[in-house]
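Student: kindly return the folded structure for what I paste below:
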Amino acid sequence: MAKENNVKLQGMWAISYVKRVEIALKIKGIPYEFVEEDLVNKRQLLLQYNPVHKKVPVLIHNGKPICESLVILEYIDETWKNGPPLLPLDPYKRAKVRFWTSFLFENLLLVARSEGEAQEKAIKVVFEKLKLLEEGLKDLFQGKTHHIDGENMGILDIVLCSLFGAHKAQEVLGVKFIDPESFHWYALG
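Tutor: Sure thing, here's the model as predicted:
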């Protein structure tokens, strides 16, 4: 049985994409071994497990590598049914959450990948797009909290926490994404 649950996470402590996977593993209560990677001197194992991008995170489940943080989050949700779901069970809501997660991720990358005047312009564009996200979340969750079931963290929460930290994420868009009182386990530091 232990062999069936051999989970390792290759990552670097300061990378938000790795934090996403750590948060999901903790939410699901999945024990794992963290393997710290030196991104300047990448080990052969990382290059073997992620030959396309040669980046972290890489989740290794029973010797099988899974790459890309959002793909890993969905894999975790589909593989381990224990703990709260990261995505809604309803196919329509699940598709919408996937859309908004991708939307958030792609638009915040615009800011991260730019500098100077281009970054200032990107911030304005992203701010306007975040208003669309806010409206989309209101429609999707019909005035309720955006958590999948109103109590547990979902994939959108995880992406926000990994980008802003738990206490900053609760302030994004004026929507309370994270209640630190409810999610006191979020101490990855």
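Student: so the residue of the chain most remote from its centre versus residue 124, what's the distance?
Tutor: For the chain, the residue at maximal distance from the C-alpha centroid (Cα atoms, centre = their mean) is residue 117, at 28.6 Å. Residue 117 sits 11 Å away from residue 124, going by Cβ to Cβ, to the nearest Å. (C-beta placed from N, C-alpha, C; glycine too.)
Student: now swap in residue 49 and tell me
Tutor: Taking Cβ to Cβ, one finds residue 49 at 39 Å from residue 124.
Student: same deal with residue 51?
Tutor: In terms of Cβ to Cβ, residue 51 sits 38 Å off from residue 124.
Student: so which of residue 49 and residue 124 has more stuff around it?
Tutor: The neighbour comparison of residue 49 against residue 124 (other Cβ atoms under 10 Å) goes to residue 49, with 20 against 11.
Student: leaving out chain neighbours, which residue sits closest to the more buried one?
Tutor: Nearest-residue entry for residue 49: residue 65, 3.7 Å, with adjacent residues in sequence omitted and distances by Cβ to Cβ, 6 or more residues apart in numbering.
Student: which residues touch that neighbour?
Tutor: Shown in contact with residue 65 (Cβ atoms under 8 Å, 6 or more residues apart in numbering): 49, 50, 58, 59.
Student: count the residues that sit near the second one.
Tutor: Taking other Cβ under 10 Å as the neighbour definition, residue 50 ends up with a count of 19.
Student: helix or strand: which one has residue 8?
Tutor: strand 7-11 (DSSP states H and E).
Student: what comes up buried for the helix or strand following that strand?
Tutor: From strand 7-11 onward toward the C-terminus, using DSSP H and E, the following helix or strand is helix 16-28. Within helix 16-28, the residues that count as buried by 16 or more other Cβ atoms under 10 Å are 17, 18, 19, 20, 21, 22, 23, 24, 25, 26, 27, 28.
Student: measure the residue farthest from the centre of the chain to residue 123 for me?
Tutor: 11 Å.
Student: and what of residue 84?
Tutor: 33 Å.
Student: kindly state the beta-bridge partners for the residue nearest to residue 49.
Tutor: residue 60 (DSSP bridges).
Student: skipping adjacent residues, who's closest to residue 75 in space?
Tutor: Excluding its sequence neighbours, the residue lying closest to residue 75 (Cβ to Cβ, 6+ apart) is residue 66, at 5.1 Å.
Student: give me the number of residues near residue 95?
Tutor: Residue 95, neighbours per other Cβ under 10 Å, totals 12.
Student: my bad, should have said residue 129
Tutor: Residues near residue 129, counting by other Cβ under 10 Å: 16.
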